[in-house]
Structure formats: structure tokens, C-alpha cells
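Q: sharing a model that was predicted from the sequence below.
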Amino acid sequence: EAAELGKGSFKYAWVLDKLKAERERGITIDIALWKFETPKYYVTVIDAPGHRDFIKNMIMGTS
């Protein structure tokens, strides 16, 4: 669905983006979490607002 609308590069964020504006603009506006577990691991996928230029600073600030 993301590729059909020309947002193929956002395919992973697309799964978590629920707001219409997020999908139309290709940006994350609201935080989204997706948790699941495998037999060996607990996994949390987080989609947070931000721009790729600021990801390093965001990760350093939250750790």
C-alpha cells in the first residue's frame, strides 16, 4: 500500500503510522509502539517523530 502511494521508502514507518496526515506527508507525528516476542526475544519497535539528521542525537539523548 505504501509503495502504491509513492511512499515505498517509508514502508516500515507506514505500518505504525495511523494518522492520515502521517501517511500523506510521509512523516511521523505521533509516537507508536509495536511489541511482540519470539521464543528467544522480546521486541519493541518504536516509531517516533524525527528527521534522519537528528536520529543520532535523539538516540544519545534517550539512552
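A: It's in. Numbers count the residues shown, from 1 in each chain.
Q: can you verify Val45 is assigned to a helix?
A: No. With DSSP: H, G, I helix; E, B strand; the rest coil as the criterion, Val45 is located in strand rather than a helix.
Q: show me the contacts for it.
A: Contact partners of Val45, counting by C-beta atoms under 8 Å, 6 or more residues apart in numbering, are Leu16, Leu33, Trp34, Lys35. No exception for glycine: its C-beta is placed from N, CA and C like everyone else's.
Q: low-confidence ranges in the chain?
A: 2, 7-9, 50-54, 57-58, 61-63 (pLDDT under 70).
Q: again, 80 this time
A: 1-19, 21-31, 48-63 (pLDDT under 80).
Q: which residue ranges form the helices in it?
A: For the chain, applying DSSP state H gives helices covering 11-16, 20-25, 55-62.
Q: would you turn these into TSV with distance to Glu4 and mean neighbour count?
A: What follows is the helices of the chain, written out as TSV (distance: least, C-beta to C-beta, whole Å; neighbours: other C-beta atoms under 10 Å):
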stretch	distance to Glu4	mean neighbour count
helix 11-16	11	15
helix 20-25	12	13
helix 55-62	27	10
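Q: identify whichever of those lies nearest to Asp47.
A: Closest approach to Asp47 among the helices of the chain (C-beta to C-beta): helix 11-16, 4.1 Å.
Q: who are the packing partners of that closest one?
A: Secondary-structure packing of helix 11-16 (3 or more C-beta pairs under 8 Å, 6 or more residues apart in numbering; DSSP states H and E): strand 32-37, strand 42-47.
Q: could you name the residue of the protein that is farthest from its center?
A: Note on the chain: the largest C-alpha distance from the chain mean falls to Pro39, namely 24.1 Å (C-alpha atoms, centre = their mean).
Q: can you read off the backbone torsions of it?
A: phi -60, psi -20 (degrees, to the nearest 10).
Q: measure it to Leu33 for me?
A: Pro39 sits 21 Å away from Leu33, going by C-beta to C-beta, to the nearest Å.
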